[in-house]
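Asks: model this:
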Amino acid sequence: MNSPEHAAESAVTAPICSAKGCRTAAVWVLAWNNPKLHTPERRKTWLACDEHREHLSSFLGVRGFLKDVVTLAEWESSAEGH
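Replies: Model prediction:
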């Protein structure tokens with residue numbers, strides 16, 4: 001049943017954008033790693049809304065950290081396949 005409590009709970013647990021101060025639902029996953037700290041196969045993730053995808057991608061890309069950008073739906077479906 002979709003009670004107001006359930007809707008509020010879903011909103012709290014929905015993935016949100018990693019941009020500072022943004023509370024918008026995430027649409028993108030930015031997979032990255034810092035080669036000085038992480039093994040090559042390790043992937044850390046930031047989430048992004050449509051508005052912040054390019055900014056966050058640029059931030060990671062300039063540092064040579066960005067490895068992949070995929071939709072959240074793609075990321076979740078690939079994780080389920082493991």
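Asks: In this protein, where is pLDDT below threshold?
Replies: 1-12, 82 (pLDDT under 70).
Asks: go again using 80 as the cut-off
Replies: Residue ranges of the chain with pLDDT under 80: 1-13, 80-82.
Asks: At the geometric centre of it, which residue do we find?
Replies: residue 47 (1.9 Å; Cα atoms, centre = their mean).
Asks: chain center to whichever strand or helix holds that residue, what's the gap?
Replies: Assessed by DSSP states H and E, residue 47 sits inside strand 44-48. When C-alpha coordinates are averaged (Cα atoms, centre = their mean, to the nearest Å), strand 44-48 and its chain have centres 3 Å apart.
Asks: The next helix or strand after that strand to strand 44-48, inter-axis angle?
Replies: Per DSSP H and E, strand 44-48 leads on to helix 53-62 as the next helix or strand towards the C-terminus. Computed with axes from the mean of the first three to the mean of the last three Cα atoms, to 10 degrees, the direction of helix 53-62 lies at 150 degrees from that of strand 44-48.
Asks: Now do helix 53-62: which elements does it pack against?
Replies: Under the contact criterion of 3 or more Cβ pairs under 8 Å, 6 or more residues apart in numbering; DSSP states H and E, helix 53-62 touches strand 28-32, strand 44-48, strand 66-71. Placement of C-beta: from N, CA and C, glycine included.
Asks: packing partners for the last one?
Replies: Spelled out, that is strand 66-71. Applying 3+ Cβ pairs under 8 Å, 6+ apart, one finds that strand 66-71 contacts strand 28-32, helix 53-62.
Asks: list the buried ones in it?
Replies: Residues 66-67, 69 are the ones in strand 66-71 that count as buried (16 or more other Cβ atoms under 10 Å).
Asks: Now flag whichever of the residues you listed is closest to residue 51.
Replies: Distance to residue 51, by Cβ to Cβ, is smallest for residue 69 among the buried residues of strand 66-71, at 14.5 Å.
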